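> after the sequence you'll find the predicted model.
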Amino acid sequence: MKDRRGADDAIEIARAANRVLIARGKKVLDFNMKKDAPDDETLLKGMIGPSGNLRAPTIRAGKTVIVGFHDEVYGEVFG
């Protein structure tokens with residue numbers, strides 16, 4: 001079952017995290033949400049897909065949020 005989340009949910013999820021990792025292809029954006037949080041527009045640019053919903057996969061691992069798939073990021077976070 002798909003649980004569709006829009007922009008408001010994406011921001012809420014990101015702001016509750018300590019770290020947000022956004023993977024797009026080979027590029028990874030790494031945001032420290034406690035020390036240097038980006039503005040909402042920057043977060044949404046990476047977190048929301050063309051359908052207007054939160055991109056899949058999006059995973060919450062403790063206080064870290066990972067958006068998109070990137071092998072090295074998964075290896076770092078999940079060991």
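It's in.
> and Gly62, how far from Ile48?
Using CB to CB, to the nearest Å, Gly62 is found at 23 Å from Ile48. Just so you know, the C-beta spots here come from the backbone N, C-alpha and C atoms, and that holds for glycine as well.
> and these two? Which one has more around it.
A direct count of neighbours by other CB atoms under 10 Å for Gly62 and Ile48 places Ile48 higher, at 19 against 9.
> so Ala17 touches Ile66, yeah?
No - with contact defined as CB atoms under 8 Å, Ala17 does not reach Ile66; the gap is 9.7 Å.
> so the two - more neighbours on which side?
Between Ala17 and Ile66, counted using other CB under 10 Å, the more crowded position is Ile66 (23 against 20).
> make sure I have this right: the more buried one is in a strand.
Yes - the assignment for Ile66 is a strand, going by DSSP: H, G, I helix; E, B strand; the rest coil.
> partner residues bridging it?
Here Ile66 sits in beta bridges with Leu21, Ile59, going by DSSP bridges.
> just list the residues touching it, thanks.
By CB atoms under 8 Å, 6 or more residues apart in numbering, the residues touching Ile66 are 21, 23, 57-59, 73-74, 77.
> helices of the chain, residue ranges please.
Taking DSSP state H to define them, one finds helices in the chain at 7-15, 40-47, 71-78.
> got the angle for the second one vs helix 7-15?
For helix 40-47 and helix 7-15, the angle between their directions (axes from the mean of the first three to the mean of the last three CA atoms, to 10 degrees) works out to 100 degrees.
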